[in-house]
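>>> Take a look and give me a structure for this.
(2 chains)
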Amino acid sequence: MFSELARKFTAAFITENRWQLYIKGLGVTLEVSIFAAIIGILLGTVLALMKLSEREDGKKSILNTIATVYVDIIRGTPSVLQLLIMWFIVFSTFNNGIIVSSISFGLNSAAYVSEIVRAGILAVDRGQTEAGRSIGMSKAMTMRYIVLPQALKNIIPPLGNEFITLLKETAIVGYVSLTDLTRAANMIASRTYEAFMPLIGAAVIYFVVIKLLTILLAHVERRLRASDKR
Amino acid sequence: MKKKIIVALVLSLSVLALSACGAKQSASAKKDIIVGTNAEFPPFEYIDDSGNPDGFDIALVKAIGEKLGKNVTIQNMEFDSLISSIGTKTDLVIAGMTVTDERKQSVDFTEPYYTAVQSVIVPVGSAIASFDDLKGKKIGVQMGTTADFISSDIEGAETARYNKSIDAVNDLLNGRLDCVIVDKNPAETFVASHTGELEALEGSNFDFEDESYAMAVAKGDAEFLKQVNDALSELKADGTIDKLTEEYIGD
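You can find the predicted model right below:
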């Protein structure tokens, strides 16, 4: 049994330097995830602020409606379909798979990030805004100097969580012919007709990367909580 | 920390153990066999108008089932899943699969049932005409097919690997690729639906070698392999295969 396992291991990782394919695949996975996260955070914050904007008379603003519809559409459709629509329809003649995938996942992630940011801002006590306004700060100043710094503490932990989800979700970029980590494992299986080792290997690599991220996030969270002790 | 490592080791060993004890019962004794395919490869396998898998391979495997007195259930799935399914989720796989030495290490192939050659699909008016023209080009293929192996070995060429050949053809139409390499028969089917836009070039212009399609069974199930091979040679002898070739492939 062990010689059989050794043969499978060799075929999956060593023959024709296949381990390099996993590393390259992981590179693609990380590239798409990081670009998408940047787009997601920027657009997500804008969406959150749009959703929080109020008209003087208390009715919903047009910005609010736009953001709400956007989030509804993105959350209401599978990300694999969004990716295929981006690749085959929206950017049908644009060649760079990494950029198209990053945009697709970024637009997707933005919807979730906007909810995280919105919840983070709403969690800051209303009294803080009132205090800022009553000492003569403008709405924008209050948001920037009083509310956002406090909201950040609420936002960063779930944002890390969102990034981990994003990293794993990119496993579908194989649909648009990118060779990410999952795709690399499948590609090797399609050559050897032996799926066990490549799949387990890819799973272990995802796990290690995400475990490292988790440790990093726990550290950041501890630092954020440091000011809570008094 | 030590505890964690021990727990992780125990878990991974149990996965190994579970994977080892699955199946291993010969399919030769089964009355009902499950046949896996990936119905994205016309005319060998495709979904017909009523939504069922049909094609040369499907008809062939049904004829084999009849010879063996077994009920055949066709299961259509992604090509990726097909590979892992052999011997566990499926008893037999027929999907225009090319025999390679490396694959023989993991599955057992039946006798070949068809000889195919690759074609190159190009936009009408393309300058690509010989093997040397492919160097440095962006080539679309279906992952894990012979085309994938050929393209991966072409100097300086960039290979874009798709789940389905038709996705590669779509990207060729979108102008993302210079050409698509795919088996001759599907190539003709794809080109037929885009006359005037695409054309299929004969593989012989590119010195592509012939390849053999075979079915795959679980490694080591010699009894079932023999049953299928016997049925296959009977079907070759009684003209059924020629008849199916004429019906589905036409030359």
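>>> Just give the nearest non-adjacent residue to the closest residue to chain A within the stretch 151-251 of chain B, would you?
In the stretch 151-251 of chain B, the residue that lies nearest chain A is residue B:160 (4.2 Å; C-beta to the nearest C-beta). Where C-beta positions appear, they are placed from N, C-alpha and C, glycine not excepted. Once flanking residues are discounted, residue B:160 sits nearest to residue A:177: 4.2 Å by C-beta to C-beta, 6 or more residues apart in numbering or on different chains.
>>> now do residue B:76
Of all residues not flanking residue B:76 in the chain, residue B:39 sits nearest, at 4.7 Å (C-beta to C-beta, 6+ apart).
>>> How many neighbouring residues does that neighbour have?
21 (other C-beta atoms under 10 Å in any protein chain shown).
>>> and the helix-or-strand element of chain A with minimal mean pLDDT, what does it pack onto?
Using mean pLDDT, DSSP states H and E, the weakest-scoring helix or strand in chain A turns out to be helix A:2-9, at a mean of 84. For helix A:2-9, the packing partners by 3 or more C-beta pairs under 8 Å, 6 or more residues apart in numbering or on different chains; DSSP states H and E come out as helix A:196-225.
>>> how distant is the helix it packs on from the center of its chain?
Centroid displacement of helix A:196-225 relative to its chain, using C-alpha atoms, centre = their mean, to the nearest Å, is 14 Å.
>>> all helices of chain B, in order?
In chain B, the helices defined using DSSP state H lie at B:2-21, B:56-68, B:79-85, B:101-104, B:146-152, B:165-173, B:184-192, B:222-237, B:240-244.
>>> Leaving aside the residues adjacent along the chain, what's closest to the residue of the stretch 101-250 of chain B found nearest chain A?
Distance from chain A to each residue of the stretch 101-250 of chain B (C-beta to the nearest C-beta) is smallest for residue B:144, at 2.6 Å. Excluding the flanking residues, the one nearest residue B:144 by C-beta to C-beta, 6+ apart is residue A:190, at 2.6 Å.
>>> That neighbour contacts residue B:83, correct?
Yes: counting by C-beta atoms under 8 Å, residue A:190 does reach residue B:83; the two are 6.2 Å apart.
>>> Name the residues contacting each of these two.
residue B:144 (C-beta atoms under 8 Å, 6 or more residues apart in numbering or on different chains).
>>> ok, these two, which is more surrounded?
Per other C-beta under 10 Å, whichever of residue A:190 and residue B:83 has more neighbours is residue B:83, with 26 against 22.
>>> just to revisit the earlier point, could the helices of chain B go into CSV alongside distance to chain A and mean pLDDT?
Formatted as CSV, the helices of chain B follow (distance: least, C-beta to the nearest C-beta, whole Å; pLDDT from 0 to 100):
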stretch, distance to chain A, mean pLDDT
helix B:2-21, 6, 73
helix B:56-68, 17, 95
helix B:79-85, 4, 81
helix B:101-104, 4, 89
helix B:146-152, 8, 90
helix B:165-173, 6, 92
helix B:184-192, 16, 91
helix B:222-237, 15, 95
helix B:240-244, 25, 93
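>>> how close does residue A:129 get to chain B?
45 Å (C-beta to the nearest C-beta, to the nearest Å).
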